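In: can't give you the sequence, but here's the structure:
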């Protein structure tokens with residue numbers, strides 16, 4: 001079973017590196033790159049934002065890249081494989097439990113999310129005024145948050161890929177991704193929402209908030225959500241959405 005699992009992982013990694021590198025990079029980096037440039041470079045240049053806003057923005061953009069890259073790399077392929085190409089049937093014939101196929105999807109999407117997130121760091125150095133400063137960053141915490149953030153996105157993608165019908169996936173992405181992006185503490189620290197208490201509470205329902213705040217605490221000295229709440233929020237997101245996603249995958253596989 002282990003050999004079959006590793007073979008599936010190797011196949012997906014080969015496709016990413018050798019066959020789809022350009023589409024992977026475009027899908028992962030295009031939107032975060034423009035957010036980083038417009039909000040982190042253009043707005044401070046024209047005086048519409050404080051000069052150090054870029055350093056506050058970077059953790060949120062990093063979280064956005066981790067979550068959305070992993071999410072899209074699970075949801076979109078699953079929709080195609082379950083409906084049009086039926087490629088999922090080949091995977092289900094592998095000599096391993098069906099649930100392992102879902103776990104393999106989560107693992108590969110997590111790896112892709114981490115790669116996309118790491119690429120944001122040199123881009124931030126190039127784009128943001130003054131570059132980025134990781135001198136005071138906690139590298140172990142940063143590494144843990146990179147993996148955790150990508151895993152959260154992968155779990156969300158597994159739910160979308162198994163629940164949403166193929167003819168509704170574009171609508172679902174529009175309805176889900178926009179609130180996910182703008183309520184995930186991407187463009188603002190969570191603690192800065194004190195004057196909008198109702199919105200501050202709403203953002204706690206978004207698992208990306210905990211990823212953004214965890215990264216904010218790892219690479220900046222800005223105020224952030226308490227560490228205990230960050231760990232709890234990420235663990236709950238992985239458990240809830242991961243469980244729902246695996247159950248949805250098993251149901252679709254049986255159908």
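Out: Yep, it's here. Given the structure is predicted, the values throughout are model-derived calculations rather than measurements.
In: Hmm, residue 186 is touching residue 63, no?
Out: Yes - Residue 186 is in contact with residue 63 according to CB atoms under 8 Å; the separation is 6.5 Å. No exception for glycine: its C-beta is placed from N, CA and C like everyone else's.
In: Next one, pLDDT for the residue sitting nearest the centre point of the chain please.
Out: Among the residues of the chain, residue 67 comes closest to the average C-alpha position under CA atoms, centre = their mean, at 0.8 Å. Reported pLDDT at residue 67 in the predicted model: 95.
In: where does it sit relative to residue 149, distance-wise?
Out: For residue 67, the distance to residue 149 equals 6 Å [CB to CB, to the nearest Å].
In: where do the contact lists of the two overlap?
Out: In terms of CB atoms under 8 Å, 6 or more residues apart in numbering, residue 67 and residue 149 are both contacted by the residues 113, 208, 211.
In: Of these, which is the most crowded?
Out: The most neighbours of any of these, using other CB atoms under 10 Å, belong to residue 211, which has 33 neighbours.
In: circling back: sitting in helices, which of the shared contacts of residue 67 and residue 149 do you find?
Out: When those are checked against helices (DSSP state H), the matches are 113, 208, 211.
In: Looking at these, spot the one nearest residue 27.
Out: Closest approach to residue 27 among these (CB to CB): residue 113, at 11.3 Å.
In: residues contacting the closest residue to the closest one other than its chain neighbours?
Out: Leaving out its chain neighbours, the residue that sits closest to residue 113 by CB to CB, 6 or more residues apart in numbering is residue 150, at 2.9 Å. Neighbouring residues of residue 150 by CB under 8 Å, 6+ apart: 66-67, 69-70, 109-114, 117.
In: okay if I get the residues you listed as a markdown table plus distance to residue 23 and secondary structure?
Out: Formatted as a markdown table, the contacts of residue 150 follow (distance: CB to CB, whole Å; DSSP: H, G, I helix; E, B strand; the rest coil):
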| residue | distance to residue 23 | secondary structure |
| --- | --- | --- |
| 66 | 18 | helix |
| 67 | 19 | helix |
| 69 | 12 | helix |
| 70 | 16 | helix |
| 109 | 15 | helix |
| 110 | 19 | helix |
| 111 | 16 | helix |
| 112 | 12 | helix |
| 113 | 15 | helix |
| 114 | 18 | helix |
| 117 | 18 | helix |
